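Novice: with the sequence up front, the predicted model follows.
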Amino acid sequence: MTLYAARCPSSFATAAVDPSSALRSIRSSTLLASVPGRVLAGGVSDSSASHWKLRVACKQEAISVPVSVAKEAPFKNVENSGVFALSSLEYRHVTSPNPSDGEPTFSIIMVGASGDLAKKKIFPALFALYCEHCLPKNFTIFGYARSKMTDAELRTMVSRTLTCRIDKRENCNEKIEKFLKRCFYHSGQYDSEENFAELDKTLKEHEGGRVSNRLFYLSIPPNIFINVVKSASRSASSKNGWTRVIVEKPFGRDSESSAALTSGLKQYLDEDQIFRIDHYLGKELVENLSVLRFSNLIFEPLWSRKYIRNVQLIFSEDFGTEGRGGYFDHYGIIRDIMQNHLLQILALFAMETPASLDAEDIRNEKVKVLRSMRPLQLENVVIGQYKGHAKGGVTHLGYTDDKTVPEGSLTPTFAAAALFIDNARWDGVPFLMKAGKALHTKRAEIRVQFRHVPGNLYKQNFGTDREQATNELVIRVQPDEAIYLKINNKVPGLGMRLDRSNLNLLYSSRYSKEIPDAYERLLLDAIGGERRLFIRSDELDAAWNLFTPLLKELEEKKISPELYPYGSRGPVGAHYLASKYNVRWGDLSASDID
Ligand SMILES: NC(=O)C1=CN([C@@H]2O[C@H](COP(=O)(O)OP(=O)(O)OC[C@H]3O[C@@H](n4cnc5c(N)ncnc54)[C@H](OP(=O)(O)O)[C@@H]3O)[C@@H](O)[C@H]2O)C=CC1
Ligand SMILES: O=C1O[C@H](COP(=O)(O)O)[C@@H](O)[C@H](O)[C@H]1O
């Protein structure tokens with residue numbers, strides 16, 4: 001039995017034909033082949049790379065192999081045995097032990113499966129995708145780490161963090177059981193080509209000779225990324241399908257280390273195989289940002305210095321770095337949150353209209369914003385560190401009380417910064433960022449404060465505080481996802497008293513469906529080869545170029561962070577920074593009526 005596979009620009013088409021057949025003609029993604037005396041025709045039915053299928057439309061008598069007529073005939077069980085170039089398409093001469101045997105296989109290899117992130121986020125996200133029928137049919141999950149574990153032990157570990165979030169009513173335990181049967185474990189060293197070759201062997205046994213697509217998720221400390229990529233690419237990359245690698249943050253500590261990491265990865269991978277994850281880009285309201293702006297006429301015309309007075313990007317957590325102090329102390333809040341999560345949101349918020357929703361068009365626009373940013377000055381930055389605090393009989397330790405944090409550490413757990421985009425749209429508009437651990441609340445939001453209404457007829461009704469009358473658009477990323485707009489209205493009655501109200505889109509009231517976790521969306525995109533929500537290397541370079549000089553200056557000058565009590569609203573320095581630009585933090589203002 002011989003198979004001919006046509007490699008089209010974005011997908012594969014296959015047709016089972018007699019070895020003596022000759023290819024007759026080609027039209028874009030359609031394959032026509034002739035078997036002596038018979039004709040076989042097929043076309044790709046689904047152009048997305050994750051579903052390589054052939055819709056066979058042919059005369060029944062033309063087929064001497066079990067491929068169904070006018071029905072999706074999956075492409076699998078093929079082994080590459082040569083490539084023939086023809087016209088603009090590429091033809092591969094392939095052989096198959098069983099050409100009718102289904103779709104490609106998909107394996108996700110969780111490198112660092114024994115770790116916190118894998119347990120807490122990745123396995124649960126994969127399970128949610130499984131429940132939503134979003135994973136490819138022939139999927140397998142392989143945990144890989146140094147810890148010794150059996151498949152059963154991995155399954156027990158994973159089962160502890162799976163929840164029946166998606167299908168509460170259906171028999172979730174049964175789904176958990178079925179999901180866990182697809183999970184396996186392979187113990188190995190991160191720098192051992194031999195160990196990855198053993199993994200490859202096991203993967204092949206599962207793949208059964210079919211086309212194999214492999215996604216490596218590097219859920220490990222960054223200092224071992226390159227070791228893994230080197231060994232895995234040499235010994236365990238797919239020979240007949242795609243191989244992609246998801247890389248977790250942090251991508252370096254500064255411009256130099258980030259560039260070294262990128263060039264290290266690129267020794268073994270092409271840029272389009274690398275998926276640098278920033279999980280904030282997978283959050284529902286961050287994705288919705290472009291929809292809000294580009295699909296509503298009322299927002300885009302206001303989206304500039306002409307009407308916007310300032311933009312605030314706020315991240316706060318109501319817990320400290322307990323247990324992660326070792327990692328955190330090496331990075332600090334600027335690298336942990338600002339340089340990536342908040343800056344990515346800023347770029348999406350401020351970019352020009354992209355030519356299309358294509359990943360490259362969007363990333364091109366984001367990178368332009370990042371390159372237009374004014375170098376960050378020390379005087380536009382405030383840093384803080386939480387100290388111990390006792391309240392209501394509960395004592396919270398300070399950052400440096402954590403045993404994993406070096407004594408006297410100056411690492412900031414809070415930072416506020418005023419940034420500027422020196423382009424025509426945003427000239428002079430402060431973009432204020434604030435990120436902190438161990439604060440009074442947990443939230444992430446984008447606040448857009450509009451200018452004052454010129455010559456406002458109602459100014460006497462607001463008293464002297466013009467701030468009270470400012471329109472503010474709030475995009476609350478988490479928790480309780482919402483978009484609300486603060487407007488002024490008249491209090492009903494015979495008098496003329498003004499009030500502030502929210503036009504409020506609260507997601508939990510509007511939609512009964514639970515919002516997917518960011519990792520679900522990002523994993524699904526990586527499986528489908530969609531790069532829109534992943535960071536391209538030039539974006540990463542631009543982000544580091546902005547923050548590296550500041551980080552170096554803070555470290556070289558040994559700037560002491562301002563101490564703030566655990567559970568407080570952060571250092572007062574953040575208020576002075578905002579007021580330098582005539583701004584009040586929206587999350588702390590008395591008019592915050594969310
Ligand atoms: N945890 C989180 O919430 C988040 C994590 N991240 C990033 O994701 C990645 C994984 O995070 P997380 O799971 O918390 O990390 P862990 O510290 O839990 O490490 C994951 C696994 O890597 C192995 N490992 C740990 N330290 C070393 C070391 N020094 N040398 C070799 N192997 C080591 C261990 O597996 P074994 O010993 O079995 O080999 C461990 O189980 C990191 O890059 C982190 O920065 C990003 C965002 C959030
Ligand atoms: O990347 C990180 O993000 C988490 C916060 O993520 P969230 O989705 O829970 O908001 C943060 O706690 C961690 O320090 C940081 O590394």
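Specialist: Structure received. Ligands and ions are numbered 1, 2, ... in the order given.

Novice: what distance separates the helix or strand containing residue 177 from the centre of its chain?
Specialist: Assigned by DSSP states H and E, residue 177 belongs to helix 172-181. Mean-position distance between helix 172-181 and its chain equals 26 Å (CA atoms, centre = their mean, to the nearest Å).

Novice: and it, which residues are buried?
Specialist: Neighbour counts over helix 172-181 (16 or more other CB atoms under 10 Å) mark 172, 175, 176, 179, 180 as buried. Where you see a C-beta, it was placed from the backbone N, CA and C, and this is true even at glycine.

Novice: what do you get for stretch 494-507?
Specialist: 500, 502, 505, 507.

Novice: now do stretch 346-364
Specialist: Applying 16+ other CB under 10 Å to stretch 346-364 flags 346, 347, 348, 349, 350, 351, 354, 359, 362, 363, 364 as buried.

Novice: can you put the buried residues of stretch 494-507 in a markdown table and add secondary structure and distance to residue 411?
Specialist: Listed next are the buried residues of stretch 494-507 as a markdown table, based on DSSP: H, G, I helix; E, B strand; the rest coil; distance: CB to CB, whole Å:
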| residue | secondary structure | distance to residue 411 |
| --- | --- | --- |
| 500 | strand | 39 |
| 502 | strand | 37 |
| 505 | strand | 38 |
| 507 | helix | 35 |
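
Novice: do stretch 117-130 and ligand 1 come into contact?
Specialist: Yes: Stretch 117-130 reaches ligand 1 (CB under 6 Å from any ligand atom) through 117, 118.

Novice: quote the end-to-end distance of that stretch.
Specialist: 19 Å (CA to CA, to the nearest Å).

Novice: residues of that stretch that come out buried?
Specialist: 117-119, 121-130.

Novice: can you tell me which of those end up in helices?
Specialist: Applying DSSP state H to the buried residues of stretch 117-130, the entries found in helices are 117, 123, 124, 125, 126, 127, 128, 129, 130.

Novice: which residues touch the fourth one?
Specialist: Residue 125 is in contact with 517, 519, 520, 523, counting by CB atoms under 8 Å, 6 or more residues apart in numbering.

Novice: which sections of this structure are below the confidence cut-off?
Specialist: 1-102, 165-170, 464, 589-594 (pLDDT under 70).

Novice: phi, psi for the residue nearest in space to the middle of it please.
Specialist: The centroid of the chain falls nearest to residue 279 when counting by CA atoms, centre = their mean (3.7 Å). Dihedral angles of residue 279 (phi, psi; degrees, to the nearest 10) stand at phi -70, psi -10.

Novice: any idea how far ligand 2 is from it?
Specialist: To ligand 2, residue 279 is 6 Å away according to CB to the nearest ligand atom, to the nearest Å.

Novice: need the buried residues of stretch 494-507 in CSV (columns: distance to residue 324).
Specialist: Shown next, in CSV, are the buried residues of stretch 494-507 (distance: CB to CB, whole Å):
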residue, distance to residue 324
500, 39
502, 35
505, 34
507, 29
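
Novice: between these, which is closest to ligand 2?
Specialist: Relative to ligand 2, the closest of those is residue 507; by CB to the nearest ligand atom it sits at 16.1 Å.

Novice: state the distance from the closest residue to the closest one other than its chain neighbours to ligand 1.
Specialist: The shortest distance from residue 507 to any non-neighbouring residue, by CB to CB, 6 or more residues apart in numbering, is to residue 481 (4.2 Å). Using CB to the nearest ligand atom, we find residue 481 at a distance of 20 Å from ligand 1.

Novice: residues contacting residue 481?
Specialist: Shown in contact with residue 481 (CB under 8 Å, 6+ apart): 284, 285, 506, 507, 508, 515.

Novice: among those residues, which ones are in strands?
Specialist: residue 506 (DSSP state E).

Novice: could you list which of the contacts of residue 481 also contact ligand 2?
Specialist: Of these, not one also sits near ligand 2 (CB under 6 Å from any ligand atom).

Novice: near ligand 1, which residues of this structure are found?
Specialist: Residues of the chain lying close to ligand 1 by CB under 6 Å from any ligand atom are 112, 114-118, 145-147, 190, 219-222, 224, 248-250.

Novice: break the chain down into its domains, please.
Specialist: Split into domains by automatic domain parsing, the chain comes to 2-95, 105-248, 281-588.
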